[in-house]
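A.B. asks: Quick one, structure for this:
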Amino acid sequence: MCPAPAVQWARNWAIWRLGSCWAQPQLASQAAVHAAEVGHPAAHAGLSAVSAAFDARGRQLAWYDATERGAIVEFTLIGDAVNVAARVEQLTKTTKDTILLTKETASALGDHRWPLADRGPHALKGKSAAVQILALRVGLQ
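C.D. replies: Numbers count the residues shown, from 1 in each chain. The predicted structure follows:
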């Protein structure tokens, strides 16, 4: 059984970390969004000798084979997913939403139960086409 993923907040965007888990990317995305939805940010300590990091699309970004049980693992994330996440985070100032995600990320969630509100297409620096943005409606929004 895989341990529940934890969400660590950095610059108001989430980095999903799973320890010793072979879950499908869709499951990783669903669990990460659920953790953010219920407001349980936490730092991840590896539960075994293997840790992995996934982006918002459920793609594996890093794999770390620790030599000691419980070693804390830090990942440096680079690439398109990180750039898009940073740009989407900036949109929260405009939309006044707590959690935003791209339509592509929402599609990766598959059949989900989260209430999403369409925030329309937005031009993001570094992207040639506008990106469709959705908001996760939480609390009394």
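A.B. asks: How about residues contacting stretch 125-132?
C.D. replies: With C-beta atoms under 8 Å, 6 or more residues apart in numbering as the test, stretch 125-132 has contacts from 80, 83-84, 87-88, 102-104, 118, 120-124. Just so you know, the C-beta spots here come from the backbone N, C-alpha and C atoms, and that holds for glycine as well.
A.B. asks: Please type out the PyMOL selection for whichever of the residues you listed turn out to be buried.
C.D. replies: Those of the contacts of stretch 125-132 that count as buried under 16 or more other C-beta atoms under 10 Å are selected in PyMOL with:
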select buried, resi 84+87+88+102+122+124
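A.B. asks: Take the contacts of stretch 125-132 and keep only those in strands.
C.D. replies: Counting by DSSP state E, these place 102, 118, 120-122 in strands.
A.B. asks: can you redo the contacts of stretch 125-132 as CSV with distance to residue 134?
C.D. replies: CSV is the format used below for those (distance: C-beta to C-beta, whole Å):
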residue, distance to residue 134
80, 19
83, 19
84, 13
87, 15
88, 10
102, 7
103, 6
104, 10
118, 6
120, 9
121, 11
122, 11
123, 16
124, 14
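A.B. asks: Residue 112: which of the contacts of stretch 125-132 is nearest?
C.D. replies: Nearest to residue 112, judged by C-beta to C-beta, of those is residue 103 at 13.0 Å.
A.B. asks: so what's the closest one closest to, chain neighbours aside?
C.D. replies: residue 132 (3.8 Å; C-beta to C-beta, 6 or more residues apart in numbering).
A.B. asks: How about residue 137?
C.D. replies: residue 115 (4.4 Å).
A.B. asks: which intervals of this structure have sub-threshold pLDDT?
C.D. replies: 1-78, 139-141 (pLDDT under 70).
A.B. asks: so what secondary structure elements neighbour the helix ranked longest in the chain?
C.D. replies: Assignment by DSSP state H gives helix 80-95 as the longest helix of the chain. Applying 3 or more C-beta pairs under 8 Å, 6 or more residues apart in numbering; DSSP states H and E, we find helix 80-95 packed against strand 13-19, strand 99-102, strand 116-122, strand 131-136.
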